[in-house]
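Asks: using only what follows, build the 3D model:
(2 chains)
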Amino acid sequence: MNNLAQISEQRDFVVSSSSLKDVRSFSREVFEKVNIDQDLKDELVLAIAEAAQNIVKHAYQGEDTEDKMEIKISLANGNLEIGFFDKGRPVEEDKIRHRKIDDIKPGGLGTFFIQQIMDAVVFKEGEKPWINHLILSKKIDY
Amino acid sequence: MSYKVTEENGISIVHLDGEIDMDVTEKAKEIIMPLIEAKKEVHLNLKEVQYMDSSGISVLIESHQKATELGTKVILKDISKSVLKVIMMAKLEQILNLG
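Replies: Sure, this is the predicted structure:
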């Protein structure tokens, strides 16, 4: 296993639930190049897949589309940054809430997982041609 | 995801295999829900599930709630390490029946 000081990889995926396994494969491939423990790798893959799922589910509301989303994973000096770019409906940040932890019902868990795993979650307006730009970041030791 | 359903002493045992994400949750519900609606006790064997996301966890919650409503139960068996971790991250280990 290499222990690279710097990584920057990006890939496009069709916005569809059927792309989620490809999103996970891409993420696993990237994290294989980093010397971090397997549990952390699994958590990061989960956070990335949940964010991609949110694009399918919320930015596109599950509609069929040929649009693509872009995921960019960058690591430099222990700062991991994962960018998500999509052309779906603009995210209304004040409407994004994870479920209350004592409220046992399906749904709302994806955002909760992301917030548990990552240090910071930032929504930005995307630069053209993108509409939304989500940034997940985390400081990691490797 | 693949699956196998067996019956033992009136208990339906559903063996799930593979990765459970948003893309397969409808299929998972189609397998599990009719068994619960038939008021059977259902054991979900999760030994061969290598990955589960929030959509998969939602299926577990819905199954548990439906079973409770109908007076039966869903028990999670042989839970793989990766699935158990996600269940614990969701703080559901005291809510779902882990057998």
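Asks: how near is the closest residue to A:Gln116 other than its chain neighbours to A:Ser17?
Replies: With sequence-adjacent residues excluded and distances taken as CB to CB, 6 or more residues apart in numbering or on different chains, A:Gln116 is closest to B:Met89, at 6.1 Å. C-beta coordinates here come from the backbone N, C-alpha and C atoms, glycine included. Distance from B:Met89 to A:Ser17, counting by CB to CB, to the nearest Å: 21 Å.
Asks: with B:Ser55 instead?
Replies: 9 Å.
Asks: now swap in B:Asp17 and tell me
Replies: Distance of B:Asp17 to A:Ser17, computed by CB to CB: 19 Å.
Asks: the more surrounded of those two?
Replies: A:Ser17 (18 against 15; other CB atoms under 10 Å in any protein chain shown).
Asks: just give the nearest non-adjacent residue to the more buried one, would you?
Replies: Closest to A:Ser17 by CB to CB, 6+ apart is B:Asp23, at 4.1 Å.
Asks: so what's the residue count around the residue nearest to A:Gln116?
Replies: Per other CB under 10 Å, the neighbour tally for B:Met89 reads 18.
Asks: does A:Gly83 count as helix, strand or coil?
Replies: The three-state label given to A:Gly83 by DSSP: H, G, I helix; E, B strand; the rest coil is strand.
Asks: okay, it: pLDDT?
Replies: Per-residue confidence (pLDDT) for A:Gly83: 98.
Asks: ok, the one 3 residues further on next?
Replies: We note a pLDDT of 97 for A:Asp86 in this prediction.
Asks: what does the one 4 residues further on give?
Replies: Turning to A:Pro90, the model gives it a pLDDT of 92.
Asks: longest helix anywhere in chain B?
Replies: Longest helix of chain B, by residue count under DSSP state H: helix B:54-69.
Asks: so what touches the host helix or strand of B:Glu19?
Replies: B:Glu19 is part of strand B:11-20, with elements assigned from DSSP states H and E. The contact list for strand B:11-20 (CB atoms under 8 Å, 6 or more residues apart in numbering or on different chains) reads A:21, A:24, B:1-7, B:24, B:28, B:31-32, B:35, B:40-53, B:55-56, B:59, B:77.
Asks: what of stretch A:125-137?
Replies: The list of residues contacting stretch A:125-137 from outside it, by CB under 8 Å, 6+ apart, reads A:47-48, A:51, A:55, A:59, A:70, A:79-91, A:114, A:118-124.
Asks: which ones among these map onto strands?
Replies: Using DSSP state E, the subset of those located in strands is A:70, A:79-86, A:120-124.
Asks: want to throw these into a markdown table with distance to A:Asp42 and neighbour count?
Replies: Formatted as a markdown table, those follow (distance: CB to CB, whole Å; neighbours: other CB atoms under 10 Å in any protein chain shown):
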| residue | distance to A:Asp42 | neighbour count |
| --- | --- | --- |
| A:Glu70 | 23 | 16 |
| A:Asn79 | 20 | 12 |
| A:Leu80 | 14 | 22 |
| A:Glu81 | 19 | 16 |
| A:Ile82 | 15 | 21 |
| A:Gly83 | 21 | 20 |
| A:Phe84 | 19 | 23 |
| A:Phe85 | 24 | 21 |
| A:Asp86 | 24 | 27 |
| A:Ala120 | 20 | 11 |
| A:Val121 | 19 | 17 |
| A:Val122 | 23 | 12 |
| A:Phe123 | 25 | 15 |
| A:Lys124 | 27 | 14 |
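Asks: farthest-separated two in the residues you listed?
Replies: A:Asn79 and A:Asp86 (23.1 Å; CB to CB).
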